[in-house]
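# sequence first, then the predicted structure, then my questions.
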Amino acid sequence: MISSANSDTERKILSILRVLSESSEPLGSITIARELEKHGLSLGERAVRYHLKITDERGYTQPLGIDGRMITSRGLEELRIALEKLELLAFRTTFSPESRTGQVPINTSLFNKNDFPKAVEAMKDVFKAGICVSDLVATASEGQKLGDVVIPNGKVGLATVCGVTVNGVLLKHGVPMESKFGGVLEIRDSKPRRFIAIINYGGTSLDPSEQYIRASMTSVGEAAKTGNGKILANFREIPAPARSIVEETITGLKEAGINGVFALGNISEPICQIAVGMNRVGMVLRGGLNPVAAAVEAGIEVENVAESGMIDFQQLASFSQL
């Protein structure tokens with residue numbers, strides 16, 4: 001059982017391990033803090049030292065005197081396992097668009113109880129404009145659980161449907177999907193135009209959407225109101241022969257209230273200015289955390305746990321009912 005506090009610690013540890021994995025030299029806490037800042041995670045030198053003590057105890061890092069730390073083979077393995085989370089959640093997805101039953105992956109967002117009505121107001125336009133994977137959500141009070149997250153005292157939890165649902169449903173239809181990156185997508189007249197920032201899944205242990213929200217790189221609220229702005233999106237690739245199955249599946253998902261696919265490309269052709277491989281098709285998915293990004297843009301404090309586990313589809317209800 002992962003509490004919110006433990007979950008936050010684990011995400012910071014994984015971020016530190018990612019920074020260390022990208023360096024061939026030992027790194028000190030000041031350098032690590034600086035690198036984390038570049039990825040939208042503000043963690044002071046003191047906090048980095050605290051988390052490095054934990055990584056040392058677990059055998060993920062090796063202290064090298066005044067030179068700093070190096071990641072160990074055990075640390076690299078821990079990082080690899082974390083990066084497989086997307087694939088694991090896709091595998092655990094049992095949702096059937098036809099019967100509208102089964103488990104779907106979710107993101108969990110934690111709001112201060114007093115702020116939640118304001119957050120609902122800030123997210124309303126985003127759900128209405130469809131800048132989300134689904135308008136279906138679930139809420140939970142302190143002590144209750146959403147996915148793997150136990151809601152702490154004084155908080156309200158909001159579960160939004162995660163884009164990995166699309167991966168999972170396509171996997172059940174025999175379509176393998178390669179998750180390439182999470183990014184910030186510029187939209188004009190409510191249509192996808194181009195990615196202006198990307199983070200490859202293989203190069204980060206934190207969900208890219210969480211990093212972009214922290215770094216204030218979105219304008220989702222504006223996009224919902226005017227059709228122009230910067231939203232969270234993800235990029236996938238599928239084999240060309242599977243395109244017709246994917247189109248059918250997307251239609252079935254839409255009918256069931258899951259509208260994650262924003263754009264489906266043509267065979268071997270770029271989409272949103274992103275090149276795709278030969279005999280591959282690019283796919284752009286809306287980010288599940290877009291509504292929450294709009295709440296943060298409105299000055300509301302929130303803690304996000306992306307890809308936080310599974311929920312039964314029957315537990316979800318339309319956001320308009322909140």
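Received the coordinates, thanks. Residues are numbered from 1 along each chain as shown.
# the helices in the stretch 51-200 of the chain, which residues?
Using DSSP state H, counting those that start in this stretch, the helices of the stretch 51-200 of the chain run over residues 73-83, 85-92, 116-129, 164-172.
# looking at the ones you listed, which is nearest to residue 214?
Closest approach to residue 214 among the helices of the stretch 51-200 of the chain (Cβ to Cβ): helix 116-129, 16.6 Å. Every C-beta, even on glycine, is put in place using the N, C-alpha and C of the backbone.
# which residues touch the closest one?
The contact list for helix 116-129 (Cβ atoms under 8 Å, 6 or more residues apart in numbering) reads 111, 132, 135, 156, 158, 190, 220-221, 223-225, 290-292, 294-295, 297-298, 300, 302, 319-320, 322.
# now render the helices of the stretch 51-200 of the chain as a markdown table, adding distance to residue 57.
What follows is the helices of the stretch 51-200 of the chain, written out as a markdown table (distance: least, Cβ to Cβ, whole Å):
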| stretch | distance to residue 57 |
| --- | --- |
| helix 73-83 | 12 |
| helix 85-92 | 23 |
| helix 116-129 | 37 |
| helix 164-172 | 32 |
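# and those, which is most packed in?
Neighbour counts averaged per stretch over the helices of the stretch 51-200 of the chain are highest for helix 164-172, at a mean of 24; criterion: mean count of other Cβ atoms under 10 Å.
# what helices and strands are in contact with it?
Applying 3 or more Cβ pairs under 8 Å, 6 or more residues apart in numbering; DSSP states H and E, one finds that helix 164-172 makes contact with helix 85-92, strand 103-112, strand 229-239, helix 243-255.
# just the buried members of the contacts of helix 116-129?
111, 132, 135, 156, 158, 220-221, 223-224, 290-292, 294-295, 297, 300, 302, 319 (16 or more other Cβ atoms under 10 Å).
# pLDDT score assigned to residue 137?
On pLDDT, residue 137 comes in at 98.
# and it, how many residues sit next to it?
Residues within reach of residue 137, counting by other Cβ atoms under 10 Å, total 25.
# look up how far residue 289 lies from the closest residue to it other than its chain neighbours.
Spatial nearest neighbour of residue 137, excluding adjacent residues (Cβ to Cβ, 6 or more residues apart in numbering): residue 319 at 5.0 Å. From residue 319 across to residue 289, the span is 14 Å (Cβ to Cβ, to the nearest Å).
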